[in-house]
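Peer 1: Structure, please.
(one chain, ligands or ions: 1)
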Amino acid sequence: MDKLVWVNNQQYLLQKNIEQSVPFLQHFTSEQVNRVTAFHHTYEKFKNTPLRNLQALASLLGVQNIMVKDESYRFDLNAFKVLGGVYAIGQYVANILGRNIEDLSFEQLKSPEVKKQLGDLTFISTTDGNHGRGVAWAARELGFKARIYMPAGSAEERLQNIKNEGAYAEMTTMNYDDTVRYTAKLAQDNGWVIIQDTMWEGYEEIPLWIMQGYTTLVKEVVDQLEKAPSHVFLQAGVGSFAGAVVAYLKQSYTQEITFILVEPYAANCFYESFKQGAPHYVTVGGEMQTIMAGLACGEPNPMAWEILKTYTKIGICCHETVAATGMRVLGNAIGTDARIVAGESGAAPFGCFYELMTNEHYALLRDTLQINEHSRVLFFNTEGDTDVENYRNIMWHGGYAK
Ligand SMILES: Cc1ncc(COP(=O)(O)O)c(C=O)c1O
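Peer 2: Numbers count the residues shown, from 1 in each chain. A predicted model of the protein is given here:
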């Protein structure tokens, strides 16, 4: 099996798609993003995560800059996902109270008067780990209950991390997409509020808030980077994260940015959709077992799809070893570069980039992307060592080297 395979997205920049993407992009204007960021900043311990410039690595690999936004530092939760969950819960509660979220703070949401108005709220969600931990954290911080369900084969450590946030958490015998359907049914039967990071017909508002929630991290990058990156490699599960990043970056710079989407072989719904070349996406199923647990989703978020099919140039799917190499390279800094503790889903895009810059087999892909000594390449380390056992297996014992 090839370490990675890639495909040109035939829907890329089609005029019809550009026109259709306009209403979606409007959910990610700087005005909206400022609203999200203002809410997140009311959390007393809020801190920006670092944007690392890996200069020694960039010289070694032959590009101008390698920039990594390191979300392993987010809220001490080791992943970016909490930004979406907490914003969605905040927005949901604001709506019930008939208030604007920009007038509400974490402290106000926690207040006894608010609790009295709201009664007992339970939030429910499916997760590979990071999203559910974020929802559990947000529910606990704001004084609500959370119930979190994980697909079969999830890491015990990730389940335990969710329980440690005070939520009820359980592992099912189903894959991710079937577990989502199961939790949606539980929510309906019990009057619980589903906070899911993907969208389906009739369930659009909360997943949009989650996508908007992610934009705080993109704004931090934009605030720091005067000049646009030339290339952005983005990991995709359901594509909510990548869709939000693309939507906001597109509107933040006038320079052209090349977006590349990365998935594992086992869950490559965007890759397969690009390959098919049609305006609508295809889904993939099965067990989707991969160390890139955060990317193990077979059904795109329809709104993210509309954005990503329009602005993604290339879709890549990669072998487990590619993510593992990415983790090792980022975790073993050279020169004065910062060390980055990157988990499997966090490192996959960098792993693909490393492969295509060092393996002549991918020279055509490198040329297609026009990556060269002038390129300023941006990555998002979306998680740290969220599965410590596997992290050490890879970093210390050479796991997934071949
Ligand atoms: C660490 C990590 N990176 C990336 C993603 C992908 O996000 P999305 O499902 O929105 O594409 C996830 C999703 O859970 C994740 O946990």
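Peer 1: domain ranges for this structure?
Peer 2: Listed by the TED database, the domain ranges of the chain are 4-76+206-397, 80-196.
Peer 1: Looking at those, spot the one closest to the ligand.
Peer 2: Proximity to the ligand, assessed across those by CB to the nearest ligand atom, is greatest for domain 4-76+206-397 (2.5 Å). In short, each C-beta sits where N, CA and C put it, glycine included.
Peer 1: So for that closest one, mean pLDDT?
Peer 2: Averaged across domain 4-76+206-397, the pLDDT comes to 97.
Peer 1: Span of that domain from start to end?
Peer 2: Its start and end residues considered, domain 4-76+206-397 measures 23 Å (CA to CA, to the nearest Å).
Peer 1: re the thing from before, switch the domains of the chain over to a markdown table; also include mean neighbour count.
Peer 2: Supplementary listing: the domains of the chain in a markdown table, determined by neighbours: other CB atoms under 10 Å:
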| stretch | mean neighbour count |
| --- | --- |
| domain 4-76+206-397 | 21 |
| domain 80-196 | 20 |
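Peer 1: and the protein, which of its residues are near the ligand?
Peer 2: When proximity is defined as CB under 6 Å from any ligand atom, the chain approaches the ligand at 79, 81, 128, 130-131, 197, 235-242, 294-295, 297, 345-346, 382-383.
Peer 1: Point out the ones among the residues you listed that are inside strands.
Peer 2: Counted as lying in strands by DSSP state E, out of the residues of the chain next to the ligand, are Q235.
Peer 1: Compute the first-to-last residue distance for stretch 139-146.
Peer 2: End-to-end span of stretch 139-146 (CA to CA): 6 Å.
Peer 1: Contacts for that stretch, please.
Peer 2: The contact list for stretch 139-146 (CB atoms under 8 Å, 6 or more residues apart in numbering) reads 43, 86, 89-90, 93, 106, 109-110, 115, 120-125, 135-136, 138, 165-168.
Peer 1: How about stretch 190-198?
Peer 2: Here stretch 190-198 makes contact (CB under 8 Å, 6+ apart) with 81, 84-85, 88-89, 92, 121-126, 131, 135, 147, 180, 183-184, 186-187, 203, 206-207, 210, 238, 240, 297, 299-301.
Peer 1: Can you give me the end-to-end span of that stretch?
Peer 2: 21 Å.
Peer 1: Off-centre distance for that stretch?
Peer 2: With CA atoms, centre = their mean, to the nearest Å as the basis, stretch 190-198 stands 19 Å off its chain's centre.
Peer 1: ok, now how distant is L308 from M327?
Peer 2: Relative to M327, L308 is positioned 25 Å away (CB to CB, to the nearest Å).
Peer 1: contacting residues around M1?
Peer 2: Y265, H319 are the contacts of M1 under CB under 8 Å, 6+ apart.
Peer 1: just the one 10 residues further on next, same as before
Peer 2: Contact partners of Q11, counting by CB under 8 Å, 6+ apart, are N17, F274, G277, A278, P279, K309, T310.
Peer 1: Mind putting those into TSV with distance to H374?
Peer 2: Below are the contacts of Q11 laid out as TSV (distance: CB to CB, whole Å):
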residue	distance to H374
N17	28
F274	26
G277	30
A278	34
P279	34
K309	28
T310	25
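Peer 1: hmm, back to that, in strands, which of the contacts of stretch 190-198 appear?
Peer 2: Short answer: these in strands (DSSP E) are T122, F123, I124, S125, T126, R147.
Peer 1: Thought I124 was touching the last one, still the case?
Peer 2: Yes. Distance between R147 and I124: 4.5 Å, which falls inside the contact criterion (CB atoms under 8 Å).
Peer 1: What are the boundaries of the helices in the stretch 251-400 of the chain?
Peer 2: Along the stretch 251-400 of the chain, counting by DSSP state H, counting those that start in this stretch, helices occupy 269-276, 302-311, 320-331, 344-358, 363-369, 388-397.
Peer 1: Contact partners for V93?
Peer 2: Neighbour list for V93: L104, L109, V114, L118, L121, L142 [criterion: CB under 8 Å, 6+ apart].
Peer 1: typed the wrong thing, it's T254
Peer 2: Applying CB under 8 Å, 6+ apart, we find T254 in contact with A228.
Peer 1: residues in contact with the most centrally placed residue in the chain?
Peer 2: Here the mean C-alpha position of the chain is nearest to the C-alpha of F241 (CA atoms, centre = their mean), at a distance of 3.8 Å. Residues in contact with F241 (CB under 8 Å, 6+ apart) are F80, M211, Y214, L234, Q235, F380, T382.
Peer 1: That one and Y248: what is the separation?
Peer 2: Per CB to CB, F241 is found 11 Å from Y248.
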